[in-house]
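> sequence below, structure please.
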Amino acid sequence: MAKVEGFDFFPLTFDGDGNLEKKTELDAIAAHIAAAGTTDFISIAHGFRNNEQEATALYTEFLKNLRREAGVHANP
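Numbers count the residues shown, from 1 in each chain. Predicted coordinates:
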């Protein structure tokens with residue numbers, strides 16, 4: 001599992017028609033939620049104007065600001 005700004009990060013990949021490409025990615029999220037007793041969940045999606053690397057940079061900046069503004073502590 002990846003971390004972005006201390007948040008657990010599970011990317012999902014969709015094809016050009018919006019269909020999930022790998023069910024295992026969604027299964028990993030569901031398993032983590034069940035095992036960790038997750039109470040809060042943030043979902044972020046990017047559109048067609050940026051690639052995966054650019055989108056991850058945007059998510060990273062967003063989550064950094066969320067942590068700072070909301071006073072959310074990082075998970076170890």
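
> ok, the spatially most central residue of the chain - contacts?
Ranked by distance to the mean C-alpha position of the chain (Cα atoms, centre = their mean), the top residue is F9 at 4.1 Å. F9 is in contact with M1, A2, K3, Y59, counting by Cβ atoms under 8 Å, 6 or more residues apart in numbering. Every C-beta, even on glycine, is put in place using the N, C-alpha and C of the backbone.

> distance of it from G16?
Separation of F9 from G16 (Cβ to Cβ, to the nearest Å) stands at 23 Å.

> before we move on, back to that, who does the residue nearest to the centre of the chain bridge with?
A2 (DSSP bridges).

> closest to H32 out of the contacts of F9?
M1 (6.7 Å; Cβ to Cβ).

> show me where pLDDT drops low in the protein?
72-76 (pLDDT under 70).

> just the strands in it please.
For the chain, applying DSSP state E gives strands covering 2-4, 7-9.

> okay if I get these as TSV plus distance to I44?
As requested, the strands of the chain are exported to TSV (distance: least, Cβ to Cβ, whole Å):
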stretch	distance to I44
strand 2-4	10
strand 7-9	10
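
> out of those strands, deepest packed?
strand 7-9 (a mean of 17; mean count of other Cβ atoms under 10 Å).
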